[in-house]
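Enquirer: Below are the sequence and a predicted model; questions follow.
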Amino acid sequence: MNIIKRSVRDYLRYWIVILLGLLGVSFLCASGYLALALVVPLPVAALIVGVVALLAAFIAHRVLIAPGRQAAEASEQPAPQEAVAQFARESAGRIPAEIERRPEAAMAVALGAGLLLGFSPRARSLLGSALKQGVQALADEAGKQR
């Protein structure tokens with residue numbers, strides 16, 4: 001359960017950093033607009049600030065997000081089925097006990113998972129493929145036991 005607390009804490013830290021960054025960028029844009037308004041007409045100043053902000057967002061996307069996606073897609077390999085089956089065996093009895101012991105943490109995890117799966121098509125497809133692999137591994141294991 002410690003890993004869940006740590007991941008929720010890290011998630012909140014990232015959002016705080018993002019919100020503070022957005023606040024800083026908004027003040028930077030406002031000050032740039034006010035400075036440009038002294039030199040050029042107001043609509044032109046707004047247009048310049050908007051274009052610069054869009055260019056900065058595009059550059060940040062290309063530098064920070066696009067390489068990570070390409071590397072992740074290139075290195076995706078299916079997990080060994082034995083490891084998946086072993087993880088399922090180990091965690092099958094622990095999960096219900098942890099939910100009963102800490103229902104508030106289970107609700108927070110469920111809310112986070114719902115938000116993530118609601119907003120991210122990639123997360124939905126990743127979960128779907130993981131569930132398919134898990135079901136296949138359990139079916140293979142059940143076939144071995146017969």
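Expert: Structure's in. What do you need? None of the values given here were measured: they were computed from a predicted structure.
Enquirer: Could I get the full set of helices for this protein?
Expert: Using DSSP state H, the helices assigned to the chain run over residues 2-37, 42-60, 66-74, 81-92, 94-101, 103-119, 121-145.
Enquirer: possible to save the ones you listed as a markdown table with mean neighbour count and mean pLDDT?
Expert: In short, each C-beta sits where N, CA and C put it, glycine included. As requested, those are exported to a markdown table (neighbours: other C-beta atoms under 10 Å; pLDDT from 0 to 100):
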| stretch | mean neighbour count | mean pLDDT |
| --- | --- | --- |
| helix 2-37 | 11 | 84 |
| helix 42-60 | 12 | 83 |
| helix 66-74 | 10 | 58 |
| helix 81-92 | 13 | 69 |
| helix 94-101 | 11 | 77 |
| helix 103-119 | 12 | 81 |
| helix 121-145 | 12 | 80 |
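Enquirer: dump the residue contacts of Ala30.
Expert: Counting by C-beta atoms under 8 Å, 6 or more residues apart in numbering, Ala30 touches no other residue.
Enquirer: ditto for Gln86
Expert: Counted by C-beta under 8 Å, 6+ apart, Gln86 has zero contacts.
Enquirer: now it: how far from Lys132?
Expert: 18 Å (C-beta to C-beta, to the nearest Å).
Enquirer: Centre-most residue in this protein?
Expert: Note on the chain: the residue nearest the mean C-alpha position is Leu116, at 6.7 Å, using C-alpha atoms, centre = their mean.
Enquirer: That one contacts Ala123, doesn't it?
Expert: Yes - with contact defined as C-beta atoms under 8 Å, Leu116 counts as touching Ala123 (5.2 Å).
Enquirer: Alright, that wraps it up for me.
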